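S.K.: build me a model:
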Amino acid sequence: MKSLVRTISAGLLATVLSGCGLWGDSGEEVEPNSLVSFEAEKEVDVLWSVSVGSGPGSKYHQFQPAIDGDKIFAADRDGSVFGYALASGEKLWETELELPIVGGVGAGYGKVALASEEGEVIVLSSEDGSELWRAKVSSEVSSIPQFNQDLAVFQLINGKIVAFEAATGKRLWTFDSLIPRLTLRGTSSPFVSSDVTFAGFSNGKLIAIDNAKGSALWETRVALPQGRSELERMVDIDGKPLIVDRMLYVTSYQGRLVAINPFRAQIVWSKDVSSYRSLTSGFGNIYVSESNDAVQAFDLATSASVWRQAALENRRVTSPVTVGSEVAVGDYEGYVHFMSQTDGHFVARYKVDSSGLNGDMLVSDNVLYVLGNSGRLSALSLK
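M.R.: Next comes the predicted model:
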């Protein structure tokens, strides 16, 4: 299940509560749903596949690749970073950081960013992997670093967001948010536009931050803690905010899916749904991987539920991504499930990594890029 981390004032105490199954309200273990049988309508074609060093390791992680232009980048747990040609998988460069890496790779504007276990952030050139700069931050960075033309932005697990000048590594500002004592392991990745950074926090708040000053422009509560125990009151926003047609969408654990007008800081609609994953959209829908691993489609404009695929419950699925006319998720056994965006029925299924999938998948030009737990990076297409 999703790992948990407890934060205390003297430092960070990580208590990992993970296992192969999920646990019900009465303490019984809930087994993952079995794979359902269906008649495949499309076939999965493996365009290329490469091994990314020693892989992401066995600890809880959110390792995923990053795409910038015609290149894709990935790293392993031991600090080896690789640049590949997006079209062919040809290795273009390899850099040895000799530091244990946490979280995924961020890329954009000719740069690649990573973070180490020791709280160092490192930025490389996407052209040849040479190091441009590195800096120390106050806590672990488990989310994906984000760029705009001027900034490199990192969200820390202690509730801080730090922005650096992307070209030089000069620290520009730090935004601090109070977080509860018990939170989900990991954080959201912020959405960084040209002038505003939108960030979700483990206290259930979404905050718009001025990129020039690092101060809050507005904040809104996506979820309100409820219940008597700390577990019941967890309302983390762990998925990256999504902007579609000038509307911002975000989910929270044990909370809501909300649509927000970012120009007026106004919630347009909300639906009760629990998720700690990022969102995607297509066909006029927004797609959610629920915390119980069902996948649901909501109408972007009205919030009406369009369909819900419950056959994947308890299979620890990834965030959804759209590929052509399908929406796809990976699961703990290494399967990628392709569903129709129209009604959610299964279209295809492919086992890409027998070690399973934890990190989110990427899509570029209708090609799906998957980094499995074994360290295998594959490019898949549907035909």
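S.K.: what residue ranges in the stretch 101-250 of the chain score low on pLDDT?
M.R.: For the stretch 101-250 of the chain, the stretches flagged by pLDDT under 70 are 180, 183.
S.K.: now residue 107, what's its secondary structure?
M.R.: strand (DSSP: H, G, I helix; E, B strand; the rest coil).
S.K.: verify the contact between it and residue 146 for me.
M.R.: No. Taking contacts as C-beta atoms under 8 Å, residue 107 lies outside contact range of residue 146: 9.8 Å. Using the backbone N, CA and C atoms, a C-beta is placed for each residue, glycine as well.
S.K.: distance check, the nearest residue to residue 45 once chain neighbours are set aside against residue 42.
M.R.: Residue nearest to residue 45 in three dimensions, not counting chain neighbours: residue 381, with 4.9 Å by C-beta to C-beta, 6 or more residues apart in numbering. Distance of residue 381 to residue 42, given as C-beta to C-beta, to the nearest Å: 10 Å.
S.K.: and stretch 313-327, what's its mean pLDDT?
M.R.: The pLDDT scores in stretch 313-327 average 97.
S.K.: distance from it to the middle of the chain?
M.R.: Relative to the centre of its chain, stretch 313-327 is centred 13 Å away, using C-alpha atoms, centre = their mean, to the nearest Å.
S.K.: okay, buried residues for stretch 354-368 please.
M.R.: For stretch 354-368, a neighbour-count test (16 or more other C-beta atoms under 10 Å) marks 355-363, 367-368 as buried.
S.K.: what is the rounded mean pLDDT of it?
M.R.: 95.
S.K.: one more: stretch 69-86?
M.R.: On average, stretch 69-86 scores 96.
S.K.: buried set for it?
M.R.: 71-77, 79-84, 86.
S.K.: can you lay out these as CSV showing secondary structure?
M.R.: Listed next are those as CSV, based on three-state DSSP:
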residue, secondary structure
71, strand
72, strand
73, strand
74, strand
75, strand
76, coil
77, coil
79, coil
80, strand
81, strand
82, strand
83, strand
84, strand
86, coil
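S.K.: quote the end-to-end distance of stretch 292-312.
M.R.: In stretch 292-312, first residue to last residue: 9 Å (C-alpha to C-alpha, to the nearest Å).
S.K.: which residues touch that stretch?
M.R.: 22, 33, 36, 244-245, 247, 249, 257, 259, 269-271, 273-274, 281, 284-290, 313-317, 320, 327, 329, 331, 337, 339, 341, 343-346 (C-beta atoms under 8 Å, 6 or more residues apart in numbering).
S.K.: can you flag the buried ones in the residues you listed?
M.R.: Buried, going by 16+ other C-beta under 10 Å: 22, 247, 249, 257, 259, 269, 271, 273-274, 281, 285-290, 313-317, 320, 327, 329, 331, 337, 339, 341, 344, 346, out of those.
S.K.: doesn't residue 103 make contact with residue 358?
M.R.: No. Between residue 358 and residue 103 there is no contact under C-beta under 8 Å: 11.5 Å.
S.K.: which residues does residue 135 bridge with?
M.R.: On DSSP bridges, the residues paired with residue 135 through beta bridges are residue 121.
S.K.: ok, it to residue 71 distance?
M.R.: 24 Å.
S.K.: among the buried residues of stretch 354-368, which lie within strands?
M.R.: The members of the buried residues of stretch 354-368 that map onto strands under DSSP state E are 362-363, 367-368.
S.K.: ok, residue 374 - contacts?
M.R.: Per C-beta under 8 Å, 6+ apart, neighbours of residue 374: 55, 353-355.
S.K.: please redo it, this time with the cut-off set to 10 Å
M.R.: For residue 374, the contact set (C-beta atoms under 10 Å, 6 or more residues apart in numbering) comprises 51-52, 54-56, 334, 352-357.
S.K.: from those, which is closest to residue 207?
M.R.: Closest approach to residue 207 among the contacts of residue 374 (C-beta to C-beta): residue 56, at 29.6 Å.
S.K.: hang on, the closest one packs against residue 62?
M.R.: Yes. In this structure, residue 56 is within contact of residue 62 by C-beta atoms under 10 Å, at 8.9 Å.
S.K.: please point out which parts of stretch 261-281 sit buried.
M.R.: So, applying 16+ other C-beta under 10 Å, buried residues of stretch 261-281: 262, 267, 269, 271, 273-281.
S.K.: list the contacts of residue 287.
M.R.: If you count contacts by C-beta under 10 Å, 6+ apart, then residue 287 has 242, 277-281, 295-298, 306-307, 309, 319-322, 327-329, 339, 341, 344 around it.
S.K.: in helices, which of the residues you listed appear?
M.R.: Here DSSP state H is the test, and the contacts of residue 287 give no hits in helices at all.
S.K.: what segments of the stretch 201-350 of the chain are strands?
M.R.: With DSSP state E, counting those that start in this stretch as the criterion, the stretch 201-350 of the chain has strands at 205-210, 216-221, 242-244, 247-251, 256-261, 266-272, 280-282, 285-289, 295-299, 305-309, 321-323, 326-330, 335-340, 346-351.
S.K.: okay, and the beta partners of residue 125?
M.R.: Per DSSP bridges, the residues bridged to residue 125 are residue 111.
S.K.: ditto for residue 84
M.R.: residue 72, residue 91.
S.K.: what count of nearby residues applies to residue 206?
M.R.: 26 (other C-beta atoms under 10 Å).
S.K.: my read: it touches residue 218, true?
M.R.: Yes. If you go by C-beta under 10 Å, residue 206 and residue 218 touch, sitting 9.1 Å apart.
S.K.: please enumerate the shared neighbours of these two.
M.R.: 260, 262, 265.
S.K.: what sits closest to the first one if chain neighbours are left out?
M.R.: The shortest distance from residue 260 to any non-neighbouring residue, by C-beta to C-beta, 6+ apart, is to residue 248 (4.5 Å).
S.K.: ok, now which ones touch the one you found?
M.R.: By C-beta under 10 Å, 6+ apart, the neighbours of residue 248 are 191, 198, 206, 208, 220, 241-242, 258-263, 265, 267-268.
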